[in-house]
Structure formats: C-alpha cells, structure tokens
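1. Fold the following.
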Amino acid sequence: MSPDVVSIIRDIAIIVMAVMVTVAALALTVVTLKIYPKIKRAATNFEASSCLMLDAAARISSLVTAGSEIGAFVWDLVTRIRGGRDEKPEDENKPAK
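-> Have a look, this model is predicted:
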C-alpha cells in the first residue's frame, strides 16, 4: 500500500473513533441527566436517614452514659454505707484506754 492510502485510512479511523467517543459521551450525559433526579433523591434520603441514625445513636449513647453514671453513684453509696457499717463495729471493738 502506498503511504497516501495508509494516511487516509488512519484519518478515517481517527474520525470514526472521535465520533464514537462523542456519541458515547452524549449517551452517558443523557442517561445521567435522566437519572439525576433519582440519584439526587436517593442522596437526600441517604443523608436524612444518616442524620436519623446519628441522632438515634447519640441518644442511645447518652442513655448508656446516664445509666453508667447512675450505676457509679449507687455503687459509691453502697460502698460508703458498707464502709460506714464496717467502721463502726471496729471502733466499738477497740479496747478502752
């Protein structure tokens, strides 16, 4: 083949590939624009559900923290009451001077 024919075939192949890429990009743009509202709604719903889940997790965490603090308070009271009862008999059992 002569170099002129090869260059013509190459130019035609480049033009065909450019047209194919343009058509593919156009098709992708059309599909994206058609499903964009659905994607936007899904993202909004996901954001809303994430906020609800975060809020629920925060409330559960605060309830667990409050329960833990109440448990520590009760444990401290029980320890003080037991300590107070244990100390009194020891004071009473000390020998008189």
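2. Which helix or strand contains the residue most central in space within the chain?
-> Nearest to the geometric centre of the chain sits residue 50, at 7.4 Å (C-alpha atoms, centre = their mean). If you go by DSSP states H and E, residue 50 is part of helix 3-92.
3. how far out from the middle of the chain is that helix?
-> 3 Å (C-alpha atoms, centre = their mean, to the nearest Å).
4. Which strands and helices lie in contact with that helix?
-> Using 3 or more C-beta pairs under 8 Å, 6 or more residues apart in numbering; DSSP states H and E, no helix or strand is in contact with helix 3-92. C-beta coordinates here come from the backbone N, C-alpha and C atoms, glycine included.
5. Report the rounded mean pLDDT for it.
-> Averaging pLDDT along helix 3-92 gives 84.
6. Residue 66 and residue 72: what is the separation?
-> 11 Å (C-beta to C-beta, to the nearest Å).
7. ditto for residue 7
-> Residue 7 is 86 Å from residue 72, where distance means C-beta to C-beta.
8. Also residue 64?
-> Relative to residue 72, and taking C-beta to C-beta, residue 64 is found at 13 Å.
9. now do residue 13
-> On the measure of C-beta to C-beta, residue 13 and residue 72 end up 78 Å apart.
10. burial measure for residue 5, as a count.
-> Around residue 5 there are 9 other residues, counting by other C-beta atoms under 10 Å.
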